[in-house]
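[1] Provide a 3D model corresponding to the input given below.
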Amino acid sequence: MSENEMLKAELPDEVIRDILSRLPVKSLLQFRSVSKHWRGLIADTHFVKSHLKKVLALSSHHQILVPASPLMSLSYNASPDDINASIELDSPFLKPRTSIKILGSCNGLVCLIDGTRDVIIYNPSTRRHFKPYQLPQQVLPCSNRIEFVYGFGCGSNPNDMRVVRFPRFARDSEYIKSMVCGVASGSPVSGVVAYNYDFIDTVGTFLNGSLHWLAHHSNNDNENRAIASFNISEETFGDLSLPPQEGSLPYYNLGVLQGCLSALCDDMYYTDVEVWLMKEYGVVNSWTKFIKVPLNTGIENISYMMPLSSLNDDEILLEIDLRSFVIYNVKKKTFRHVTTTHDLKWFGDAAIYVESLLSPEVLCVLY
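    Have a look, this model is predicted:
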């Protein structure tokens, strides 16, 4: 049958698009070979956006990216006998190192950095990557290396991806001008983003068009923590208050759960971790104690915990001690380990990404 005859026998394009937009990326990449017409449908910008909108709302299309060596993608809803529960990914770096770090995840793209200071925008689903810029090495006059914090997200335009880097301590910012590099134009534009924070976090949490780090005010002698919020579109910093502190234990580990900014704190007896949610973004009084997660799974004691995602109303995906993942059932108060066919020994903080067709070669701006 010729391609023209196949097209006459097919369903209307709008029906085909609707069906295809519900499928995982792996299937869509295979279906590009059905015909030139299907390849054009799947590559269409409007289809890519429609598919992304659907998968963002479906946890079945969400995966865990583990910055191990090699990089690994885990499915947290796979059956125990699923050989595809964990998949090794080719490193997007020319000379891969073991010190790969995830700087953020947004719309199916993740930002990675390795020991050479190379920054890569990577789509784990399509294996495509893009190197927007190599970060310059900048030093103080005394030749001490400056520490940096990073972030990755998008502004009001979802296609306008941003990689952000600031000196970790405000005193170092006077030596450095932020560099804004428009990849499309290739012409760097220098500018200065003013702030007075000493950052605690080294990687920002992205939500509502802003990046968030735990920080101290550099001009304040007390040790009270705040949330430094950087609006990507407006290129401005602002403060967000943490939940009311109960006792002397500080908050740590920002994240996103149920579409809300989250913060963690140990309880006074160090037996549980309290998870707080900012129910209404930017409203201090909307901080609500969400759940307590015990630091003992019944099998092991937990020394480090990071909530990664809310799977549904009852279950939360947790990263445990930088070496395993568990699903905690809030109602039953039970833990279930995520299946993997690979031995996870140690890795840095993982990230959740959605299966997306979005190309890394979008307009990407780096500060």
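
[2] distance of the closest residue to Pro294 other than its chain neighbours from Val34?
    Distances taken as C-beta to C-beta, 6 or more residues apart in numbering put Asp272 closest to Pro294, at 5.4 Å, once the chain neighbours are dropped. Quick note: C-beta positions are derived from backbone N, CA and C, even for glycine. As defined by C-beta to C-beta, to the nearest Å, Asp272 lies at a distance of 53 Å from Val34.

[3] who are the neighbours in contact with the residue nearest to Pro294?
    Contacts here follow C-beta atoms under 8 Å, 6 or more residues apart in numbering; on that basis Asp272 touches Asp266, Lys292, Val293, Pro294, Leu295.

[4] phi, psi of it?
    When read as degrees, to the nearest 10, the backbone of Asp272 gives phi -140, psi 160.

[5] could you do Leu56 as well?
    phi -60, psi -30.

[6] what's near enough to touch the residue nearest to it when sequence neighbours are not counted?
    Closest residue to Leu56 apart from its sequence neighbours, by C-beta to C-beta, 6+ apart: Val354 at 5.7 Å. Contact partners of Val354, counting by C-beta under 8 Å, 6+ apart, are Leu52, Val55, Leu56, His61, His62, Gln63, Asn107, Gly108.

[7] and these, which is closest to Ala170?
    Asn107 (31.0 Å; C-beta to C-beta).

[8] looks like Ser229 contacts Thr236 (just checking).
    No - with contact defined as C-beta atoms under 8 Å, Ser229 does not reach Thr236; the gap is 9.1 Å.

[9] these two - which one has more neighbours?
    Neighbours per residue (other C-beta atoms under 10 Å) separate Ser229 from Thr236, with Ser229 holding more: 22 against 13.

[10] tell me which helix or strand that one sits in.
    strand 226-231 (DSSP states H and E).

[11] equivalent analysis for Ile42, please.
    Counting by DSSP H and E, Ile42 is found in helix 36-43.

[12] buried residues, that helix. List them.
    If you call a residue buried by 16 or more other C-beta atoms under 10 Å, then helix 36-43 has these buried ones: Trp38, Leu41, Ile42.

[13] remind me what it packs against, helices and strands.
    helix 3-9, helix 13-20, helix 25-31 (3 or more C-beta pairs under 8 Å, 6 or more residues apart in numbering; DSSP states H and E).

[14] what angle separates that helix from helix 13-20?
    Orientation check (axes from the mean of the first three to the mean of the last three C-alpha atoms, to 10 degrees): helix 36-43 against helix 13-20 gives 60 degrees.

[15] roughly how far is helix 36-43 from the heart of the chain?
    29 Å (C-alpha atoms, centre = their mean, to the nearest Å).

[16] residues touching Pro294, list them.
    For Pro294, the residues meeting the contact criterion (C-beta under 8 Å, 6+ apart) are Thr271, Asp272, Lys333.

[17] pull the residues that contact the helix or strand following the strand holding Ser229.
    With elements assigned by DSSP H and E, the helix or strand that comes after strand 226-231 is strand 236-240. Applying C-beta under 8 Å, 6+ apart, the set of residues contacting strand 236-240 from outside is 193-195, 197, 212, 226-231, 261, 278, 282, 284.

[18] what do you get for stretch 197-207?
    101-106, 147-153, 164, 166, 168-170, 211-218, 225-226, 228, 230, 237, 252, 254-256, 261, 281, 349.

[19] name only those of those that count as buried.
    Neighbour-count burial (16+ other C-beta under 10 Å) is assigned, among those, to 102-106, 148-153, 164, 166, 168, 170, 211-217, 225-226, 228, 230, 237, 252, 254-256, 261, 349.

[20] tell me which element the residue lying closest to Leu74 once chain neighbours are set aside is part of?
    Beyond its immediate neighbours in the sequence, the residue positioned closest to Leu74 (C-beta to C-beta, 6+ apart) is Ile64, lying 4.1 Å away. Ile64 belongs to strand 62-66 when assigned by DSSP H and E.

[21] so for the next helix or strand after that strand, mean pLDDT?
    Later in the chain than strand 62-66, the nearest helix or strand by DSSP H and E is strand 71-74. Across strand 71-74, pLDDT averages out at 87.

[22] what does stretch 261-277 give?
    Confidence over stretch 261-277 (mean pLDDT, whole number) is 87.

[23] how about stretch 300-308?
    When pLDDT is averaged over stretch 300-308, the result is 85.

[24] in that stretch, what counts as buried?
    Neighbour-count burial for stretch 300-308 flags Ile302, Met305, Met306, Pro307, Leu308 (criterion: 16+ other C-beta under 10 Å).

[25] repeat that for stretch 43-54.
    Within stretch 43-54, the residues that count as buried by 16+ other C-beta under 10 Å are Phe47, Val48, Lys49, Ser50, His51, Leu52.
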